[in-house]
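Q: got a predicted structure plus its sequence, pasted below:
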Amino acid sequence: MGAGERMRDRWSSGTSRTSVSAMAAQRAQAQPSGAELPEGFGVAVVREDGAWRCTPLNRSGLTDLAAVETELCELRSAGAVFGLLNIDDEFFVIVRPAPAGTRLLLSDATAALDYDIAADVLEKLDADVSLDDLEDEDPFEEGDLGVLSDLGLSEAVLGVILADDDYADEQLGRIAQEMGFGDELAAVLDKLSR
């Protein structure tokens with residue numbers, strides 16, 4: 001029995017509907033300290049004066065949504081700022097700080113069964129998602145499909161990208177190409193892979 005199955009069994013032993021915040025609390029208690037970071041990457045994307053700039057985010061952000069938000073806010077750009085997180089090539093998160101609150105998109109809500117950061121995103125979104133929803137559903141996105149629409153990525157195009165069965169890094173690459181910062185993202189990822 002894998003770790004994900006053990007966690008699901010623990011959650012299933014309680015009430016039939018478990019809130020996302022209760023799941024996150026249970027996962028935090030079950031998570032060993034010093035757990036390994038997942039594979040993947042975090043990249044900050046800045047659009048300023050008509051030019052795109054990509055920089056790597058701290059790898060700890062792959063498990064810590066608050067750390068990503070803080071790091072993005074510290075960039076203090078006059079232009080648009082958002083983060084792209086690829087977690088184990090299984091799912092991605094778009095994080096866009098805004099004065100009214102951080103805008104988020106999680107490419108696969110069912111990832112909350114196995115990843116703390118996905119559960120944190122659902123909790124921050126105040127998503128009405130139950131354990132049954134996550135266990136019985138095929139992967140589905142949760143959050144703001146219009147998170148990047150003012151920067152040239154329409155909800156319709158993002159929906160098409162999400163509907164494809166590509167790995168998360170490929171989906172993020174398509175987002176970058178559609179928006180015009182594909183080369184900048186590729187350059188950062190090339191440096192990270194060395």
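A: Nice, thanks for sending it over. Being a predicted model, the structure only gives us computed values, none of them experimental. Residues are numbered from 1 along each chain as shown.

Q: where along the protein do the helices fall?
A: 3-12, 20-30, 65-73, 116-125, 131-136, 155-163, 168-179, 182-192 (DSSP state H).

Q: how about these in TSV, adding mean neighbour count and distance to Phe91?
A: Placement of C-beta: from N, CA and C, glycine included. Listed next are these as TSV, based on neighbours: other Cβ atoms under 10 Å; distance: least, Cβ to Cβ, whole Å:
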stretch	mean neighbour count	distance to Phe91
helix 3-12	13	14
helix 20-30	16	15
helix 65-73	18	13
helix 116-125	23	7
helix 131-136	16	13
helix 155-163	15	10
helix 168-179	19	5
helix 182-192	15	17
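
Q: would you turn those into a markdown table with distance to Asp89 and mean pLDDT?
A: Shown next, in a markdown table, are the helices of the chain (distance: least, Cβ to Cβ, whole Å; pLDDT from 0 to 100):
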| stretch | distance to Asp89 | mean pLDDT |
| --- | --- | --- |
| helix 3-12 | 16 | 32 |
| helix 20-30 | 21 | 44 |
| helix 65-73 | 18 | 95 |
| helix 116-125 | 14 | 93 |
| helix 131-136 | 20 | 72 |
| helix 155-163 | 15 | 96 |
| helix 168-179 | 5 | 97 |
| helix 182-192 | 12 | 95 |
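
Q: for Glu48, find the nearest of those helices.
A: Glu48 sits nearest to helix 182-192 of all the helices of the chain, at 12.3 Å, using Cβ to Cβ.

Q: quick revisit: can you list the helices of the chain in TSV and add distance to Leu104?
A: Converted to TSV, the helices of the chain look like this (distance: least, Cβ to Cβ, whole Å):
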stretch	distance to Leu104
helix 3-12	23
helix 20-30	13
helix 65-73	8
helix 116-125	5
helix 131-136	17
helix 155-163	13
helix 168-179	15
helix 182-192	19
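
Q: no further questions, thank you.
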